[in-house]
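Peer 1: sequence below, structure please.
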Amino acid sequence: MLMAVRVVREVPGAILIGIVATTLIGIPFGVTQLSASAGNSLGEAFSQLGTTFGAAFSSKGFGSLFTDAHHIMLSVMTIFAFSFSDIFDTLGTFIGTGRRTGIFSNEDLTQMKTGRGFSSKMDRALFADAIATGVGSVFGTSNITVFVESAAGIGAGGRTGLTAVVTAICFLLSALLSPLIAIVPTQAVAPALILVGIMMMSSFKEINWSDLADAVP
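Peer 2: All right, here's what the predicted structure looks like:
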């Protein structure tokens, strides 16, 4: 509730303040577990790099998908399904967050609805996302893509690529501080995710619910 009040009053860093405050308040109540062994260490991650790096191209990766002729069609359909789900998930998130930032002009929005391609802004964003997804896969990480949590940064005033750069730096620092960050309890993160969800729901008003061709997809 206090986090929501701070967001409504446009307090800078309201969500981050709420997460830190909830984590600290949870210590005397036993909600926050102060465990030195919590989280994964950076050293452990590097030690596993020999196993995960390039594993997608090993005999147990893509190489194992097409060894059995009976499973070739299943493998192709699975790759096709995952690729399309990732593409549409990325497109939807980009458009939703992009509208919140105001980077799309009326001409851009018209082009999205009636044109056969994308504006240069979306084109560059999708290219960056594709590169990140490919590089992340080679390193054996989970899918690297744009997330709806980006709305938190937008809600805090982020409007340019500098926001993404600062976020990347914070993620780099979090790799070094992962044991400390891991003590943040779910109770501290859940309110932030709810607020982010509310921010993303605002895009629903743009849907023409009277036109099933728009509403159903």
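
Peer 1: contact partners for the residue most central in space within the chain?
Peer 2: By Cα atoms, centre = their mean, the chain has its centre lying nearest to Phe147, at 2.2 Å. By Cβ atoms under 8 Å, 6 or more residues apart in numbering, the contact set of Phe147 is Thr93. (Each C-beta comes from the backbone N, C-alpha and C, glycine too.)

Peer 1: what's the helix of greatest length in the chain packed up against?
Peer 2: Assignment by DSSP state H gives helix 72-101 as the longest helix of the chain. Counting contacts by 3 or more Cβ pairs under 8 Å, 6 or more residues apart in numbering; DSSP states H and E, helix 72-101 packs against helix 62-65, helix 120-138, helix 150-155.

Peer 1: how big is the angle separating the second one from helix 72-101?
Peer 2: Pointing back at helix 120-138 there. Angular relation of helix 120-138 and helix 72-101 on a 0 to 180 degree scale: 130 degrees, by axes from the mean of the first three to the mean of the last three Cα atoms, to 10 degrees.

Peer 1: and helix 120-138, what's buried?
Peer 2: Going by neighbour count (16 or more other Cβ atoms under 10 Å), the buried part of helix 120-138 is 122, 125-126, 129, 133, 137.

Peer 1: what's the mean pLDDT across it?
Peer 2: For helix 120-138, the mean per-residue pLDDT is 84.
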